[in-house]
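*Asks:* this one's sequence-less:
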């Protein structure tokens, strides 16, 4: 049974309803949606539901006939988005989960993780405990495998998903993994489902070998019904049919059916769904087109030597080729791939915890970019302005700096581009960060209470459609997004909100009133990593230069001609005014490749002024 609450019902009335239901012998769970909030009453009610319609705050009563109530679309109309750190599963983007079937050795897993991270994969799969049909087959490394997975996460930043096979192993696996996988053979291991429902980890629930969709959703209901873990991800991995040409039959019919019946996210495993390497790419492409929220694909550096499921594992090169196809398919259906920067460049980064300057407050997007690049243990130094960041690096008070260069929605951050010319600093790396803006307010403040919003101009431009929907709000500009949240907190206003990332809300004890308010879900920002010392790291494949062309006919084109003759692509070119010479421009150019000494000499001879800002590894995590 579902109790539909009236709009803007006070929290005190909600608690009163829950208390009355408990007094009648039933538990209920609050489910908040964008259009309505409901209370789901668990179990068959032993009372007349019509009596509840007279209670304060109740709009109406709905009877849910389905055996899976909390998993049903009737109970929750909005799609569930499962958050694993900064990775979202179930949103507008398709996430990639890849890795070997089993953790076979430290060298194999770390090498695979580095390569996958460089391709933009967000989650690493790998079994530490392996359920095998034969008792003589490789059963996994157990705890040692978990420790290797944790090491891979520490080095690359990838999230970890691995299988848990028994109730008494749940706590152990949860201590290492970011996502717990319940395999096909255990889909109806109800003791395991109940134990997993007690841990604060997302659960990836694979469909059983011969399970119907209703049976699969009822297994998900076991986890949801405990009331402690709502982060369930369904995984279609193929079912057994009379067909023997493939290991299983991948049921892509299930995707639209599940979209209609449940709010839970669904990922597809074409590796187990087919059992044959050659069939994985076409089924992966089809799954994205059919609406999968993600893909779970087995990848091994040497499938012929794999200890588990080698015939269905792609090589790393094959997986990289598949990614290019998936980008095209995902873009065509309006659901781009979620990819991240290339942590395989970590070998070129400094050891230890260097101090990194950034503009803003702790938790700001620049702070997040620094932690993504250098690791969670980095020491960050907040600065009030971009100029302060550049000066801190130039003077050596901070070893590195992180500043935004461009945003996919609002364009270049011109102040930072100009400072690259003015200050003696160098770009040594770059990182793309998806920018998810949220409306943040003091705890207990509701959307209808807000009369003023604190917002940085860049954030306002990124959230213009949301702000246009609230013309009654006064807009107060702030110097940075995270700083606006701090100002709001310090002023103690109960009629105002700020726009910033959700991490800032958590760090300052505020509430997220409305998440994901940016106008374009592809909203992302590219950040440059700055250093006082120039370097060319291993794997460098990109360079940035700024030049002032000669005042002569064809002067603008000469540097481009030199690059063209050497087969070097210009991937970005932007003109910036020269303050000391009105009417003239300097050009900020980014090229795909490393500029050798001869090329640099020729370029300098073709322009009035030139500065090589940096040679570095291009980020693989572009969000566009």
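*Replies:* Everything's here; your move. What you are looking at is a predicted structure, and each value in this text was computed from that prediction instead of being measured.

*Asks:* Bridged to the closest residue to residue 421 other than its chain neighbours, which residues?
*Replies:* Once flanking residues are discounted, residue 421 sits nearest to residue 546: 4.9 Å by CB to CB, 6 or more residues apart in numbering. Just so you know, the C-beta spots here come from the backbone N, C-alpha and C atoms, and that holds for glycine as well. Per DSSP bridges, the residues bridged to residue 546 are residue 588, residue 611.

*Asks:* Pull the contacting residues for residue 546.
*Replies:* Applying CB atoms under 8 Å, 6 or more residues apart in numbering to residue 546 gives the contacts 420-421, 586-589, 610-611, 613.

*Asks:* now residue 298
*Replies:* Going by CB under 8 Å, 6+ apart, residue 298 touches 98-101, 125, 271-272, 309, 312-314.

*Asks:* Mind listing the strands the helix or strand hosting it pairs with, and their directions?
*Replies:* Per DSSP states H and E: residue 298 is located in strand 294-298. Strand 294-298 has its sheet partners listed here by DSSP bridges as strand 95-99 (parallel), strand 266-268 (parallel).

*Asks:* Based on its surroundings, how many neighbours for residue 304?
*Replies:* For residue 304, the count of nearby residues is 9 (other CB atoms under 10 Å).

*Asks:* scratch that, residue 91 is what I was asking about
*Replies:* Other residues lying near residue 91 total 21 when counted by other CB under 10 Å.

*Asks:* who touches it in this structure?
*Replies:* Here residue 91 is in contact with 79, 81, 293, 516, 521 (criterion: CB under 8 Å, 6+ apart).

*Asks:* how close does it sit to residue 308?
*Replies:* Computed as CB to CB, to the nearest Å, the residue 91 to residue 308 distance reads 31 Å.

*Asks:* try residue 238
*Replies:* Per CB to CB, residue 238 is found 17 Å from residue 308.

*Asks:* Of the contacts of residue 298 - the most surrounded one?
*Replies:* In the contacts of residue 298, the most neighbours by other CB under 10 Å go to residue 271, 30 neighbours.

*Asks:* For that residue, which non-adjacent residue is closest in space?
*Replies:* Of all residues not flanking residue 271 in the chain, residue 298 sits nearest, at 4.0 Å (CB to CB, 6+ apart).

*Asks:* Equivalent analysis for residue 258, please.
*Replies:* Nearest to residue 258 is residue 266, by CB to CB, 6+ apart, at 5.2 Å.

*Asks:* The one you found and residue 251 touch, don't they?
*Replies:* No: the criterion here is CB atoms under 8 Å, and residue 266 misses it with residue 251 at 11.1 Å.

*Asks:* bridging residues for the residue most central in space within the chain?
*Replies:* Centrality entry for the chain: nearest residue to the mean C-alpha point is residue 87, 2.8 Å, by CA atoms, centre = their mean. Following DSSP bridges, residue 87 is listed with bridge partners residue 84.

*Asks:* for it, what are its contacts?
*Replies:* Residues near residue 87 by CB under 8 Å, 6+ apart: 95, 122-123, 159, 338.

*Asks:* how close does it sit to residue 129?
*Replies:* 23 Å.

*Asks:* returning to that earlier point: how far does the strand holding residue 298 sit from the chain's center?
*Replies:* Strand 294-298 has its C-alpha centroid displaced from the chain centroid by 15 Å (CA atoms, centre = their mean, to the nearest Å).

*Asks:* Skipping adjacent residues, who's closest to residue 424 in space?
*Replies:* Using CB to CB, 6+ apart and skipping the chain neighbours, the partner closest in space to residue 424 is residue 394 (5.4 Å).

*Asks:* so where's the stretch 1-150 of the chain shaky on pLDDT?
*Replies:* Across the stretch 1-150 of the chain, the ranges flagged by pLDDT under 70 are 33-36, 43-47, 64-65.

*Asks:* cutoff 90 now
*Replies:* Filtered on pLDDT under 90, the stretch 1-150 of the chain yields the residue ranges 1-70, 72-78, 85-87, 91-93, 117-120, 130-140.

*Asks:* Now do the strands in it.
*Replies:* For the stretch 1-150 of the chain, strands defined by DSSP state E, counting those that start in this stretch occupy the ranges 2-5, 28-32, 37-41, 58-62, 82-84, 87-89, 95-99, 123-125.

*Asks:* Give the other helices and strands that the second one contacts.
*Replies:* For strand 28-32, the elements it packs on are helix 11-23, strand 37-41, judged by 3 or more CB pairs under 8 Å, 6 or more residues apart in numbering; DSSP states H and E.

*Asks:* could you redo the last one with a cut-off of 10 Å?
*Replies:* If contacts are counted by 3 or more CB pairs under 10 Å, 6 or more residues apart in numbering; DSSP states H and E, strand 28-32 sits against strand 2-5, helix 11-23, strand 37-41.

*Asks:* Quick check: buried residues in the helix or strand following the strand holding residue 298?
*Replies:* The element immediately downstream of strand 294-298 (helix or strand, assigned by DSSP H and E) is helix 316-332. Residues of helix 316-332 classed as buried by neighbour count (16 or more other CB atoms under 10 Å): 316, 318-319, 322-323, 326-327, 329-330.

*Asks:* Return the member of those nearest to residue 551.
*Replies:* For these, the minimum distance to residue 551 (CB to CB) is 42.4 Å, reached by residue 327.

*Asks:* how much space between the closest one and residue 539?
*Replies:* 21 Å.

*Asks:* Neighbours of residue 509, how many?
*Replies:* For residue 509, using other CB under 10 Å, the count is 9.

*Asks:* close enough to count as contact, it and residue 442?
*Replies:* Yes: contact criterion CB atoms under 10 Å: residue 509 and residue 442 qualify, at 8.6 Å.
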